[in-house]
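Chemist: coords please:
(2 chains)
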Amino acid sequence: MSRLQTLRKLESTLENFLTKVVDSENEQMGALRSVDTLDEIARDSLKGRVVNNRLGDWFAQNRSLVETKRFDMSSLESISNLLSDIRSGLDPADAISRKLTDQIDNWREKGVIPKRKLILKMKARPVEDNLLGKFIDFLSREAKHLDSGEFEGRHLLQILDDVLKSAAAKEDTMFIHLAGSLIYYLKMNGYKMTPFVKRLREIEKERLGDSHAE
Amino acid sequence: MLNDADKAYYRALQALKEKDYRAAAGFLKNAENQFAEKPEIRILSEATELLLAVKDEIYELENETIEIEEILINGQETEFRG
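Modeler: So this is what the prediction gives:
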């Protein structure tokens, strides 16, 4: 088989794979499309535009889907939040707006869409000064993790790769610190660490925010 | 508002459905960065990137082939006439 034929075969295999993924996500896509449309309506509503007709159309197209719970919980929560945003902008003096408001309230009362979540924020706690104790705790947990037997016989670069995956997936920030330590240690031993540093920065940015990833 | 990750994922699926792989790759990269807990999005993103690379390679190979064929045909014609 020539190089061109091999590439053509690979192209067709990849296209088939992507088509099948899209087909399997069709239902999810429908839900996202509905939420996306409602999102556009909410944005316009917050800008003070009249959205009655579009909202009416949205209800007509999605009423049965929402009422028969064809959406997942996360989509229903998004719909609920968006409808709350839109509801606050509807004009109570207008008959169509009142009808739409009633529809939203009716869904909420029946539990078709979840009630809007209220997030109460506390004032930031003062910085605790026992940093040394916390650092020692980090080091001892890191040592325990590396000594658990899980990594026996593996190269430190493989272990670093594993720790970076944990750093990306787990809540515990110990893995971010451990990855940083391993990178520095390997660098001191002459290893080229640029791709790992890049990965760690991306994880830091994702998990801790931009200001930490400097 | 719809969160950015969901929006990027939706737009990526939409682009894939329309076979606009370059746009899909961009949206997937964005979704992938925000969905650390969903490895399937990384697979989808890598597959799309790979497909784009394959398409670029095919394009280059096909254009190369056309150039070589033209040169050979012209050369043979000149010989016959001579």
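
Chemist: list the contacts for the spatially most central residue of chain B?
Modeler: For chain B, residue B:52 is the residue whose C-alpha lies nearest the centre (C-alpha atoms, centre = their mean; 1.9 Å). The contact partners of residue B:52, by C-beta atoms under 8 Å, 6 or more residues apart in numbering or on different chains, come to B:21, B:22, B:25. (Each C-beta comes from the backbone N, C-alpha and C, glycine too.)

Chemist: Residue A:194: how many residues sit nearby?
Modeler: Per other C-beta atoms under 10 Å in any protein chain shown, the neighbour tally for residue A:194 reads 9.

Chemist: so where is the chain shaky, pLDDT-wise?
Modeler: Just so you know, I chose chain A. A:115-129, A:209-214 (pLDDT under 70).

Chemist: wait, I meant chain B there
Modeler: Answering for chain B: the residues below the bar, that is pLDDT under 70, span B:1-2, B:64-82.

Chemist: Enumerate the residues of it near chain A.
Modeler: Contacts of chain B with chain A, taken as C-beta under 8 Å from any C-beta of the partner chain, map to B:1-3, B:6-7, B:9-10, B:13-14, B:16-17, B:19, B:21, B:33-34, B:36-37, B:44, B:47-48, B:50-51, B:54-55, B:57-58, B:61-62, B:65.

Chemist: Can you name the residues of chain A that neighbour chain B?
Modeler: Residues of chain A lying near chain B (C-beta under 8 Å from any C-beta): A:3-4, A:7-8, A:10-11, A:14-15, A:17-19, A:21-22, A:25, A:28-29, A:32-33, A:35-36, A:39, A:42-43, A:74, A:78, A:81-82, A:85, A:168-169, A:202-203, A:206-207.

Chemist: rerun that using 7 Å as the cut-off
Modeler: Remark: the part of chain A in contact with chain B comprises A:3-4, A:7-8, A:10-11, A:14-15, A:17-18, A:21-22, A:25, A:29, A:32-33, A:35-36, A:39, A:42, A:78, A:168-169, A:206, using C-beta under 7 Å from any C-beta of the partner chain.

Chemist: Quick check: closest non-adjacent residue to residue A:87.
Modeler: residue A:104 (5.0 Å; C-beta to C-beta, 6 or more residues apart in numbering or on different chains).

Chemist: what about that neighbour, distance to residue A:42?
Modeler: 12 Å (C-beta to C-beta, to the nearest Å).

Chemist: Please, which helix or strand holds residue 12?
Modeler: With no chain named, the answer covers chain A. Per DSSP states H and E: residue A:12 is located in helix A:3-24.

Chemist: um, chain B though
Modeler: helix B:4-17.

Chemist: Thanks again, I'm all set now.
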